[in-house]
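Chemist: coordinates only, sequence not included:
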C-alpha cells in the first residue's frame, strides 16, 4: 500500500559555475500519472516523462522541479502567473532558481474546444512570462488522446479535437 505525505517542493542551493535546472509545467502526463513499473530507469516512480528525459550528454540527470498538476491546462498555467503575479504564485516563483522551463499543457485545453488563435495567444503569454524571468523555454507537443480497449488500434476511439487535421494537429504544427 502506498503511503502519501508532504515533502519539499524544491531543495535550493548554489553551485560553482553553470548548472542547468528545469521547472516543468503541465498536466497529469507530465506529473507522472500512468507511469508504469514495466522496465527501464525510473519507470513507476511517478515522475513523468519529461523529468525522465532530462539528461545531459554524459547521461546524468538534469535537476528539475515538477510543478505539473492533474487536469492542468495551459490556460490556467498562464492565468495563474498573470493573476497572482509571478512572485506570488507558488509554482511560477520557482523560475527564479531555474535556467529552463518546459511546458506540457494543451491536451486538457483541447477538450474544452477553444480556437487555434486562442491557444496560440495563451501559449505566447505563458512562454513570454517565463522568458521575462530570464529562462529558456521549451514546449512539448500535444500527445494523442483516445478511449477504448487499447488492445488494438481498432479498439480505440480518437477524442474530439485530436483527429487528423483537428485542433491538436493545428496546434502541434504551429508549435513546430
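Modeler: Yep, it's here. Being a predicted model, the structure only gives us computed values, none of them experimental.
Chemist: What segments of the protein are helices?
Modeler: In the chain, the segments counted as helices under DSSP state H are 28-31, 49-53, 74-84, 107-111, 116-132, 167-175.
Chemist: Tabulate these (TSV), appending mean neighbour count.
Modeler: Using the backbone N, CA and C atoms, a C-beta is placed for each residue, glycine as well. Listed next are the helices of the chain as TSV, based on neighbours: other C-beta atoms under 10 Å:
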stretch	mean neighbour count
helix 28-31	22
helix 49-53	18
helix 74-84	20
helix 107-111	21
helix 116-132	17
helix 167-175	17
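Chemist: Nearest to residue 99, out of the ones you listed?
Modeler: Of all these, helix 116-132 sits nearest to residue 99, with 11.2 Å by C-beta to C-beta.
Chemist: What helices and strands are in contact with the closest one?
Modeler: helix 74-84, strand 100-103, helix 107-111, strand 136-139, helix 167-175 (3 or more C-beta pairs under 8 Å, 6 or more residues apart in numbering; DSSP states H and E).
Chemist: rewinding a little: in terms of mean pLDDT, which of the helices of the chain ranks lowest?
Modeler: Per-stretch mean pLDDT for the helices of the chain is lowest at helix 74-84 (a mean of 78).
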